[in-house]
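Novice: Need coordinates for the below:
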Amino acid sequence: MKKFGWIALLLLSMLLCSCSPRAVESTSVQEAAKVPQIGLSMDSFVIERWQRDRDVFVAHAKELGMEVLVQDAGGVVSEQQEQIRYFIKKGVQAIVIVAVDGSSLKEVVQEARAANIRVIAYDRMILDAPVDLYISFDNEQVGRLMAQNLVDNVRKGGKIACINGSDTDNNVTEVRKGFLDVIGKSTLEIVYTAYCHNWEAEDAYNYVQQLLQEGIAFDGIMCGNDDLASMVYKALSERALLDSVFLVGQDADLAACQRIVVGWQSMTVHKRVEDLACRAAESVSTLINGGTVDAPRVMSNGMMDVPSILLEPIAVTAENMDSIVINSGFHTRDDVYANVRQK
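Specialist: Numbering: from 1, shown residues only. Sure thing, here's the model as predicted:
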């Protein structure tokens, strides 16, 4: 019995030894196969384009071997701060942020960087914070394109109203800078300026109603985006003023493109969201794998010069709608021209 016991013990020992390397190998294979997690913190999905940004970014990140966790702050700063802290606790490799308020994320971004998490400011700069990369469109050029369309269409000496987006959005500041640069060299006069809190489109409607009630004359309106332009359009249509006021916006929302081909909006600025989202996903992949992103520009955020990628926006009018918007697949021809016969 003793001899049998020693043999059994020897066999058990050999079995355990033979299993150990396989167990270690299995663990290392699992670790190697672990998919990097990326946090995507969105301002909200109220604006039409943000859904497209999210979908393209998530899909391309997946193609690059990353998993994206998406959080929607609903336009609330404190909610976004907590959601970013959630990402930090999850131990994600990078956080991509569409800031609700670019000046209110300094502390939480510092927490992320202290945890060795890469931080990418997407579309909107994050101010006074240690940001790894800023990727957006050239927002000053957006403003210049909008202004130039008004200069080209509004009568000399005409009056312009500016209904901007949120005053907490740094992009609004940049767009306005480019807009004023062009308008300041023209004969046009800005007679009214307002900001829509948290990009609330209803504010735009109320501002136009106020202008009309006070008898302030205007020949053109710069709208911070096409969502605001939709409410401006509503206010003007109620007073039968659509044919006498030039509207400009940005984002190439479907409703704006429909208005343009009918003649009720002068132009929009198209920003190739697919290009931006794909470039962002590729940049994140590069950063978390220890590489250096090719960022040809730098933008100051108050704390540092942030490596920046700024894509070029495109002015869209009725003349180039087909070549820019439809042929690229951004919207279908049937959708864009759905209301043409109703003019």
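
Novice: Could you use CA atoms for every contact and neighbour count after this?
Specialist: Will do.

Novice: Could you pull out the strands in the stretch 201-343 of the chain for me?
Specialist: Taking DSSP state E, counting those that start in this stretch to define them, one finds strands in the stretch 201-343 of the chain at 220-223, 246-248, 268-270, 297-300, 305-311, 314-316.

Novice: now the second one: mean pLDDT?
Specialist: Averaged across strand 246-248, pLDDT comes to 98.

Novice: what distance separates it from the centre of its chain?
Specialist: Taking the mean of its C-alpha atoms, strand 246-248 sits 23 Å from the chain's own mean (C-alpha atoms, centre = their mean, to the nearest Å).

Novice: Now do that strand: which elements does it pack against?
Specialist: helix 139-153, strand 220-223, helix 226-238 (3 or more C-alpha pairs under 8 Å, 6 or more residues apart in numbering; DSSP states H and E).

Novice: if we go to 10 Å?
Specialist: Judged by 3 or more C-alpha pairs under 10 Å, 6 or more residues apart in numbering; DSSP states H and E, the packing partners of strand 246-248 are helix 139-153, strand 159-164, strand 220-223, helix 226-238, helix 254-262, strand 268-270.

Novice: mean confidence for the second one?
Specialist: The average pLDDT within strand 159-164 is 98.

Novice: got the CA positions of it in PDB?
Specialist: Extracted C-alpha coordinates of strand 159-164, given in PDB (Å, rounded to 0.1, in the frame of the first residue of the first chain):
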ATOM      1  CA  LYS A 159     -27.900  94.500 -41.700                       C
ATOM      2  CA  ILE A 160     -27.000  91.200 -40.100                       C
ATOM      3  CA  ALA A 161     -28.200  89.400 -36.900                       C
ATOM      4  CA  CYS A 162     -26.000  86.800 -35.300                       C
ATOM      5  CA  ILE A 163     -27.600  84.000 -33.300                       C
ATOM      6  CA  ASN A 164     -24.700  82.000 -32.000                       C
END
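
Novice: quick one on the thing from earlier: as TSV, the helices and strands packed on strand 246-248 with distance to Ser44 would be great.
Specialist: As requested, the helices and strands packed on strand 246-248 are exported to TSV (distance: least, C-alpha to C-alpha, whole Å):
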stretch	distance to Ser44
helix 139-153	20
strand 159-164	18
strand 220-223	19
helix 226-238	14
helix 254-262	19
strand 268-270	20
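
Novice: I'd like to know which of those is closest to Val108.
Specialist: helix 139-153 (25.4 Å; C-alpha to C-alpha).

Novice: Low-confidence bits of the chain, can you list those?
Specialist: 1-33, 341-343 (pLDDT under 70).

Novice: Can you give the domain ranges for it?
Specialist: 37-131+272-311, 139-271+315-342 (automatic domain parsing).

Novice: still on that earlier bit, export the helices and strands packed on strand 246-248 to TSV and append columns for distance to Thr332 and mean neighbour count.
Specialist: Listed next are those as TSV, based on distance: least, C-alpha to C-alpha, whole Å; neighbours: other C-alpha atoms under 10 Å:
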stretch	distance to Thr332	mean neighbour count
helix 139-153	24	22
strand 159-164	29	23
strand 220-223	24	26
helix 226-238	18	22
helix 254-262	9	22
strand 268-270	15	25
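
Novice: Which one of these lies nearest to Ile324?
Specialist: strand 268-270 (8.2 Å).

Novice: Sheet partners, orientation included, of the closest one?
Specialist: Strand pairing for strand 268-270, using DSSP bridges, gives strand 314-316 (antiparallel).
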